[in-house]
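> Provided below are the primary sequence and the corresponding predicted coordinates.
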Amino acid sequence: MQNEIMFAGFGGQGILLIGKILAHAAMEEGNEVAWIPSYGPEMRGGTAYCTVVIGDRPIGSPIIKNPRHLIAMNRPSLEKFAPDVKPGGVILINTSLIPVDSGRTDVDELKVATVDIAKEVGNVRAANIVALSAFVARSGVVTMDGLRHCVEVEFSKKPKLIPLNMKAVDAGEKVAKKTS
């Protein structure tokens, strides 16, 4: 089985980072993985996005037109990418910045106030980790233990950030389970 995940938001929201963490977790669990970040003017505040393809066999092409899942951290990203998500997928909507629904009834819409939750756990910059963990808890594309391990590895060079990000992982998992 293959899962394609599109991560999208404003430059500076940590979109590429959470894609990288998910790709690492999937690879650690023995999957084939492709991670395609988007660089360029997006890093100056425009729309930044990346795709992660996870498969149990070699990936034919890392380029995806219709992802199975979407994590939308801002409204322009939701409006641009939600119509392309395959039926039955998960669309995570950051309700801290997006006041509308995806307009889809054939997907699992997960609404998470990522910025508000990140503030509660200690730092607004952890909103991306809240979103990632909520998505993983709902979709099951990797295990939560695998995700936790990879978040720790990612922040190992800045160990003071690990407790904050672990709180963000726990908060994201909790909200995903509460809204299911």
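Noted; the coordinates are in hand.
> Output the helix ranked longest in the chain as CSV, restricted to C-alpha atoms.
Ranked by residue count, the top helix of the chain under DSSP state H comes out as helix 162-178. The C-alpha trace of helix 162-178 is given here as CSV (Å, rounded to 0.1, in the frame of the first residue of the first chain):
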residue,chain,number,x,y,z
ILE,A,162,12.7,18.1,23.3
PRO,A,163,10.3,18.3,26.3
LEU,A,164,8.3,21.1,24.5
ASN,A,165,8.0,19.0,21.4
MET,A,166,7.1,15.9,23.3
LYS,A,167,4.3,17.9,24.9
ALA,A,168,3.2,19.0,21.5
VAL,A,169,3.2,15.4,20.2
ASP,A,170,1.1,14.3,23.2
ALA,A,171,-1.4,17.2,22.7
GLY,A,172,-1.8,16.5,19.0
GLU,A,173,-2.4,12.8,19.7
LYS,A,174,-5.0,13.6,22.4
VAL,A,175,-7.0,16.1,20.3
ALA,A,176,-7.1,13.6,17.3
LYS,A,177,-8.4,10.9,19.6
LYS,A,178,-10.9,13.2,21.2
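> Now do the helix or strand of the chain with the lowest mean pLDDT: distance to the chain's middle.
Least confident helix or strand of the chain, by mean pLDDT, DSSP states H and E, is strand 47-55 with a mean of 92. Between the centre of strand 47-55 and the centre of its chain there are 9 Å (C-alpha atoms, centre = their mean, to the nearest Å).
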